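>>> Build me a structure from this.
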Amino acid sequence: MDLKGLCFVAFALMLGFSSTVGEYVGLSGNQCAIPASERVDCGYPEVTAEQCNNRGCCFDSSIPEVPWCFKPLQEAECTF
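Got it, this is the predicted structure:
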């Protein structure tokens, strides 16, 4: 395999891995930046990231024994 092909395969793998963890569909990263101790459960046992995101919730499975599917922070709207 030439260098160009190898770079393409490496890029495709990185893109695939990066889209499986910490993906917040329709949410900003700030809305899901909630300390583990303050997470409010939004899912059910064995919920997948896709199912969680479809509910409008954040998914982060990197911390054991806390809700992986949790409610996002609501961004306050400025009204004057």
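
>>> quick one, phi/psi of G43?
Recorded main-chain torsions at G43 are phi -120, psi -150, according to degrees, to the nearest 10.

>>> For the nearest residue to it once chain neighbours are set aside, name its beta-bridge partners.
Nearest in space to G43, with sequence neighbours left out and distances taken as C-beta to C-beta, 6 or more residues apart in numbering, is C69 at 2.8 Å. To be clear about C-beta, it is placed using only N, CA and C from the backbone, and glycine gets the same treatment. Each beta-bridge partner of C69 is listed here, defined by DSSP bridges: F59.

>>> In space, what's closest to R39 - neighbours in sequence excluded?
Nearest-residue entry for R39: F70, 3.8 Å, with adjacent residues in sequence omitted and distances by C-beta to C-beta, 6+ apart.

>>> Is that neighbour in contact with Q31, as I believe?
No - counting by C-beta atoms under 8 Å, F70 sits too far from Q31 to count as a contact (10.6 Å).

>>> ok, the two, which is more surrounded?
Taking F70 and Q31 together and counting by other C-beta atoms under 10 Å, F70 has the greater number of neighbours (20 against 15).

>>> tell me the pLDDT at that one?
The predicted local confidence for F70 comes out at a pLDDT of 96.

>>> residues in contact with it?
Taking C-beta atoms under 8 Å, 6 or more residues apart in numbering, we find F70 in contact with C32, I34, R39, V40, D41, C42, G43, C57, C58, F59, D60.

>>> Disregarding residues adjacent in the polypeptide, which is nearest to V40?
Across the structure, with C-beta to C-beta, 6+ apart as the measure, the residue nearest V40 apart from its sequence neighbours is K71 (4.4 Å).

>>> what sits against the one you found?
Contact partners of K71, counting by C-beta under 8 Å, 6+ apart, are R39, V40, D41, C42, C57, C58.

>>> 7 Å - rerun?
By C-beta atoms under 7 Å, 6 or more residues apart in numbering, K71 lies in contact with V40, C42, C57.

>>> cool, C57 as well?
Listed by C-beta under 7 Å, 6+ apart, the contact set of C57 reads C42, G43, C69, F70, K71, P72.

>>> Fine by me, we can end here.
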